[in-house]
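Novice: here's a sequence, model it:
(2 chains)
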Number of protein chains: 2
Amino acid sequence: MLSYPNFSFDITHRDEKSGARIGMLKTPHGTIETPNYIFCGTKASIKNLSPAQMHEAKTDIILANTYHLMLQPGAELVEKMGGLHKFMGWDGPMLTDSGGFQVFSLGEGTMANEIKGKNAGKHENKNLMEITEEGCVFRSYVDGSKIKLTPESSTDIQRKLGADLFMQFDECTPYHVDKDYTARSMEMSMRWGDRCLSEFERHDDGSQAIYGIIQGGVYEDLRMTSAQYTADRPFFGTAVGGCLGGSDEEMRDIVGFSMAHAHPDRPVHFLGIGQVKDIFTFVRMGIDTFDCVIPTRLARHGTAIVKGVPGETINLKNAQYREDETPLDEGNGITASTSFSKAYIHHLLKAKELLAYQILAQHNVATINRLMREVRGAIKDGTLDALEKEWLPS
Amino acid sequence: MLSYPNFSFDITHRDEKSGARIGMLKTPHGTIETPNYIFCGTKASIKNLSPAQMHEAKTDIILANTYHLMLQPGAELVEKMGGLHKFMGWDGPMLTDSGGFQVFSLGEGTMANEIKGKNAGKHENKNLMEITEEGCVFRSYVDGSKIKLTPESSTDIQRKLGADLFMQFDECTPYHVDKDYTARSMEMSMRWGDRCLSEFERHDDGSQAIYGIIQGGVYEDLRMTSAQYTADRPFFGTAVGGCLGGSDEEMRDIVGFSMAHAHPDRPVHFLGIGQVKDIFTFVRMGIDTFDCVIPTRLARHGTAIVKGVPGETINLKNAQYREDETPLDEGNGITASTSFSKAYIHHLLKAKELLAYQILAQHNVATINRLMREVRGAIKDGTLDALEKEWLPS
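Specialist: Numbering: from 1, shown residues only, chains lettered A, B, ... in the order given. Have a look, this model is predicted:
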């Protein structure tokens, strides 16, 4: 029986008014306080930021993607180089996903639309070749070769990658499919979860912990079934995955259906969601960790996440910043946020200088980490509503 | 009369055996020891490196390009933002070129071939529209507009940019032209130099110092005339510019012709040259400062400058580094050089991750700064020959 001797999750505070909770999540690479944000280092690198810059931005935990790493450089190589932590120089806690999310997406990086229901009716995955009970076959975006991924191989790859936390292999059910498909897909993911647990246990040396994933699409009864399944199995944590509906309201409903039956004492990770407004919504529903590519992706589009501005962000490419001598944010306490004027960053973007993306990436990461610190403080103080108004003025 | 009260250059040591010299170059933003290397922050940014990262790599001095900055964001904006130092957050000494180098080049960034004689007979500058005694007219690569640059406007722009050291406006004479053209071009550059000095003096507030440029192509008598011209005028420093011949030997000859008649007490800058082998060659001829884009340009091609390897560099894209667990160089003392394996950088390059370019850029800058420190130490100790063998094993 799996016991996770080197891991623990303790809920240290519950804010009855908001519904949010504070937890301490212990891993072999350190203990982090939750709610927290897991930054995406897709290909074993946070886009344009070194581990030192991530630490400077007060980052607690990052993730890497099984799908990308199995194709380049390959799990065997990462294992040979001592595992992901050593390979990329990150000494803190780390998570890997199962690869399923990307395999079932329409291609590299477009799944975010799918889980938010934005591709309804347009589902056409050119790389995915076959889904069977055994697993799936897809075409590598790197060299076009045929690759098979199964619950066992995903587990084996994640073991070789060596992150602290990892995810069961599942089918990330699309939005446009009907309830019958969603139910059959969810049931297969449950069987896949059991196979992941068996494979995980076979090699378990105490250095890793596995999360089960709640699927079930937009349907309350399916979410309940899937949540109860994960709660009944010896997973260390729970993840909310799959299609999350077509609107903020539907997303809240789905998380509600899932959380009602999730294991109450395990950490809950919300897969792929992490705008500022989402953080405030879903910590109130008991979500402990978030992940999303937006902090670094927005940076590559010239966009800074800024506390207290309408819509969460400002775009430094806009002409209004051409002569703006103010820094991005005095409150973040790192030079990326405090020592360059908006006018300078605007110039760098116009001149297509890479330094702009580095500055904005570190600023965005620092801003999200500050958000999470302030959210944790507000949960403890019972002032989450007031903090939300500071970050998101109406 | 120009007196440069806030600048000085003191030659503190001469190595009679090698011909090299040690100097202290004082500017309003600090004093640097020479020989030294001036890193190119073309558009007011060192490619993918922040000022803090440049300091960490022990950088003493950087430059920015008048041509690029006059087009984007414009000298007026930089002046309004407090000058280049404040705009880009660099607090050390800084140089700007005159714009001539780029205007007379074949387009953005290709002049390096021209000064090394690699475009002989293929000179065709699509952007340059007119050269007259007054100055030149060229087409902006940013928006296609017609721009006039004259000795007076180049001086005015460099005053607004506000670097410590700046260059007279000159025609960077191409390689393929005949001696008659070269002579007439040089004579015009001399008249342009006088006009730059007049314009410079008109606004002189002691915060900047101007260099004259030795032209004269590959011809000994012309180089002598031009060198004597710069020595006779109240320039603070001397630069060796223009066409430098088609071979290493010809380049040495040209620098020799120039140095024989350059002012003996002024700092000498060698424009656009800076491979490791060039440093060893030309410090022996009395060159005090170098500049070249190669440290950051090589980084963008996956190439690291490494002490003691044949040919100065290694290319991390090569398959031989796929499983190489060693760092770039333990001796540089910065994490970019010491804490990532070659295998990891190889992976980042294969995955097209921007972090690779940041790591390699900082490593290359740190390596060149270390080279210059070691060169200065060896000049003082009289061990330059031995040091050259360490860096460039035959």
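Novice: how about stretch A:293-301, does it reach chain B?
Specialist: No: Stretch A:293-301 does not reach chain B (CB under 8 Å from any CB of the partner chain); its nearest approach is 8.7 Å. Just so you know, the C-beta spots here come from the backbone N, C-alpha and C atoms, and that holds for glycine as well.
Novice: in that stretch, what's buried?
Specialist: By 16 or more other CB atoms under 10 Å in any protein chain shown, the buried positions in stretch A:293-301 come out as A:293-299.
Novice: could you dump the residues you listed into a markdown table with distance to residue B:178 and pLDDT added?
Specialist: Formatted as a markdown table, these follow (distance: CB to CB, whole Å; pLDDT from 0 to 100):
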| residue | distance to residue B:178 | pLDDT |
| --- | --- | --- |
| A:293 | 59 | 95 |
| A:294 | 60 | 96 |
| A:295 | 59 | 97 |
| A:296 | 55 | 96 |
| A:297 | 55 | 96 |
| A:298 | 56 | 97 |
| A:299 | 52 | 97 |
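Novice: got JSON lines for those residues, with secondary structure and distance to residue A:223 too?
Specialist: Converted to JSON lines, those look like this (DSSP: H, G, I helix; E, B strand; the rest coil; distance: CB to CB, whole Å):
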{"residue": "A:293", "secondary structure": "coil", "distance to residue A:223": "25"}
{"residue": "A:294", "secondary structure": "helix", "distance to residue A:223": "25"}
{"residue": "A:295", "secondary structure": "helix", "distance to residue A:223": "28"}
{"residue": "A:296", "secondary structure": "helix", "distance to residue A:223": "30"}
{"residue": "A:297", "secondary structure": "helix", "distance to residue A:223": "28"}
{"residue": "A:298", "secondary structure": "helix", "distance to residue A:223": "30"}
{"residue": "A:299", "secondary structure": "helix", "distance to residue A:223": "34"}
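Novice: can you tell me how far residue A:373 is from chain B?
Specialist: From residue A:373 across to chain B, the span is 23 Å (CB to the nearest CB, to the nearest Å).
Novice: correction: residue A:257
Specialist: 38 Å.
Novice: residues touching the residue in the stretch 51-200 of chain A that chain B sits nearest to, list them.
Specialist: The minimum distance from the stretch 51-200 of chain A to chain B, using CB to the nearest CB, falls at residue A:73 (4.5 Å). Residues near residue A:73 by CB atoms under 8 Å, 6 or more residues apart in numbering or on different chains: B:322, B:343, B:346-347, B:350-351.
Novice: tell me the SS of the residue nearest to residue A:291 when sequence neighbours are not counted?
Specialist: The spatially closest residue to residue A:291, leaving aside those adjacent along the chain, is residue A:38, at 4.0 Å (CB to CB, 6 or more residues apart in numbering or on different chains). Recorded secondary structure, residue A:38: strand (DSSP: H, G, I helix; E, B strand; the rest coil).
Novice: I figured residue A:38 hits residue A:63, correct?
Specialist: Yes: under the criterion of CB atoms under 8 Å, residue A:38 makes contact with residue A:63 at 4.9 Å.
Novice: which neighbours do these two share?
Specialist: A:95, A:291.
Novice: report the separation between the residue nearest to residue A:291 and chain B.
Specialist: For residue A:38, the distance to chain B - CB to the nearest CB - is 18 Å.
Novice: now the helices for the stretch 1-150 of chain A?
Specialist: A:51-56, A:66-71, A:75-80, A:84-88, A:100-103, A:111-115 (DSSP state H, counting those that start in this stretch).
Novice: just send those helices back as a markdown table, with mean neighbour count too.
Specialist: Below are the helices of the stretch 1-150 of chain A laid out as a markdown table (neighbours: other CB atoms under 10 Å in any protein chain shown):
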| stretch | mean neighbour count |
| --- | --- |
| helix A:51-56 | 19 |
| helix A:66-71 | 25 |
| helix A:75-80 | 18 |
| helix A:84-88 | 22 |
| helix A:100-103 | 25 |
| helix A:111-115 | 20 |
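Novice: worst average pLDDT in these?
Specialist: Lowest mean pLDDT within the helices of the stretch 1-150 of chain A: helix A:111-115, a mean of 51.
Novice: for the residue in the stretch 201-350 of chain A that chain B sits nearest to, give me its contacts.
Specialist: At 4.5 Å from chain B, residue A:347 is the closest residue in the stretch 201-350 of chain A, using CB to the nearest CB. By CB under 8 Å, 6+ apart, residue A:347 lies in contact with B:43-44, B:72-73, B:77, B:87.
Novice: quickly find the element holding it.
Specialist: Assigned by DSSP states H and E, residue A:347 belongs to helix A:342-350.
Novice: and the angle from the next helix or strand after that helix to helix A:342-350?
Specialist: Reading on from helix A:342-350 to the C-terminus, the next helix or strand found by DSSP H and E is helix A:355-381. Per axes from the mean of the first three to the mean of the last three CA atoms, to 10 degrees, the angle that helix A:355-381 makes with helix A:342-350 is 130 degrees.
Novice: and helix A:355-381, what's buried?
Specialist: For helix A:355-381, by 16+ other CB under 10 Å, it's A:355-372, A:374-376, A:378-379.
Novice: now the strands: where do they sit in the stretch 101-250 of chain A?
Specialist: For the stretch 101-250 of chain A, the strands defined by DSSP state E, counting those that start in this stretch cover A:128-131, A:136-139, A:146-149, A:165-167, A:209-214, A:237-240.
Novice: please, which helix or strand holds the spatially most central residue of chain A?
Specialist: Centroid check for chain A by CA atoms, centre = their mean gives residue A:291 as the closest residue, at 2.3 Å. Secondary structure assignment for residue A:291, by DSSP H and E: strand A:289-292.
Novice: so how far is that strand from its chain's centroid?
Specialist: Averaging C-alpha positions (CA atoms, centre = their mean, to the nearest Å) puts strand A:289-292 4 Å from its chain's average.
Novice: now stretch A:3-19
Specialist: 19 Å.
Novice: which residues are contacting it?
Specialist: A:20-28, A:164, A:206-207, A:209, A:236-237, A:265-267, A:283-286, A:288, A:379-380, A:382, A:384-385.
Novice: next one: stretch A:132-141
Specialist: For stretch A:132-141, using CB under 8 Å, 6+ apart, the contacting residues are A:71, A:103-104, A:107-108, A:126-130, A:145-151, A:153, A:169, A:171, A:188, A:191-192.
Novice: now the end-to-end length of that stretch.
Specialist: This stretch, stretch A:132-141, spans 21 Å end to end (CA to CA, to the nearest Å).
Novice: for it, what is the average pLDDT?
Specialist: In the prediction, stretch A:132-141 has an average pLDDT of 91.
Novice: buried sites along that stretch?
Specialist: A:135-138.
Novice: and stretch A:242-254, by the same measure?
Specialist: A:242-245, A:250-254.
Novice: likewise for stretch A:147-159?
Specialist: So, applying 16+ other CB under 10 Å, buried residues of stretch A:147-159: A:147, A:149-159.
Novice: pLDDT and distance to residue A:15 added to these, as TSV?
Specialist: Listed next are these as TSV, based on pLDDT from 0 to 100; distance: CB to CB, whole Å:
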residue	pLDDT	distance to residue A:15
A:147	90	45
A:149	94	40
A:150	96	42
A:151	97	37
A:152	98	41
A:153	97	42
A:154	97	36
A:155	98	36
A:156	98	40
A:157	97	38
A:158	98	34
A:159	98	37
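Novice: how about the residues you listed in TSV, adding distance to chain B?
Specialist: Below are the buried residues of stretch A:147-159 laid out as TSV (distance: CB to the nearest CB, whole Å):
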residue	distance to chain B
A:147	17
A:149	19
A:150	24
A:151	26
A:152	25
A:153	21
A:154	20
A:155	23
A:156	20
A:157	16
A:158	18
A:159	19
